[in-house]
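Visitor: Just need the structure, nothing else, for what follows:
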Amino acid sequence: MCAVKRSFETKLFYPTLSRELALDALMMAVWRRKPDDEVIVHSDQGSQYGSDDWQRFCRANNLTPSMSRRGNCWDNAVAESFFSSLKKERIRKRIYKTRDLARADIFDYIEVFYNRARRHSHLGGVSPEAFEKASP
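Guide: Numbers count the residues shown, from 1 in each chain. Okay, the predicted model is just below:
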């Protein structure tokens, strides 16, 4: 699964279950957020993140790729933390009959619960959406 997340806000953008769509997830996040400054894109060492297409897109959009070291979850702690929450709060002990049902449930977790309702202690106990609305 690939998900694009702004580390200081905790809001998640465009999750996808297909590794072929990792670049699409990043494109959607750039399109939705339109960052002005340089953005560091943290990832694991998956082959999609070292591809020519990924690297070209990053250069063209002022994104700096940053791959974690092999076997070091701390380099990508923000993503590791999110996926841990997703597993604990939603998908653990569930069996999905189809990939589409899994996709829909994960989308619901992110768009309905995680971004809009889930309270984050490092955001003062508010959801990412409420935090964003309150920010100037």
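
Visitor: average model confidence for the top helix by length along the chain?
Guide: For the chain, the longest helix by residue count, based on DSSP state H, is helix 22-33. For helix 22-33, the mean per-residue pLDDT is 82.

Visitor: Using CSV, write out every CA atom in that helix.
Guide: Output in CSV follows, covering the C-alpha atoms of helix 22-33 (Å, rounded to 0.1, in the frame of the first residue of the first chain):
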residue,chain,number,x,y,z
ALA,A,22,2.7,4.9,-6.1
LEU,A,23,3.5,7.7,-8.6
ASP,A,24,-0.2,8.4,-9.1
ALA,A,25,-0.6,8.8,-5.3
LEU,A,26,2.2,11.3,-5.3
MET,A,27,0.9,13.2,-8.3
MET,A,28,-2.6,13.4,-6.7
ALA,A,29,-1.1,14.8,-3.5
VAL,A,30,0.9,17.4,-5.4
TRP,A,31,-2.1,18.3,-7.4
ARG,A,32,-4.3,18.6,-4.2
ARG,A,33,-1.8,20.5,-2.0
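
Visitor: How far does whichever helix or strand comes after it sit from its chain's centre?
Guide: Where DSSP states H and E defines the elements, the next helix or strand beyond helix 22-33 is strand 39-43. On the basis of C-alpha atoms, centre = their mean, to the nearest Å, strand 39-43 sits 11 Å off its chain's mean C-alpha point.

Visitor: tell me which strands and helices the longest helix of the chain is in contact with?
Guide: Counting contacts by 3 or more C-beta pairs under 8 Å, 6 or more residues apart in numbering; DSSP states H and E, helix 22-33 is packed against strand 2-5, strand 12-16, helix 52-60. Heads up, the C-betas are built off the backbone N, CA and C, glycines and all.

Visitor: Just give me the lowest mean pLDDT stretch among those.
Guide: When I compare the helices and strands packed on helix 22-33, strand 12-16 is least confident, with a mean of 56.

Visitor: shaky segments in the protein?
Guide: In the predicted model of the chain, residues 1-20, 73, 75, 136 satisfy pLDDT under 70.

Visitor: tell me the phi and psi of the residue of it positioned farthest from its centre?
Guide: Among the C-alpha atoms of the chain, the one farthest from their average position, using C-alpha atoms, centre = their mean, is that of residue 97, at 24.5 Å. Phi and psi for residue 97, reported as degrees, to the nearest 10, are phi -70, psi -30.
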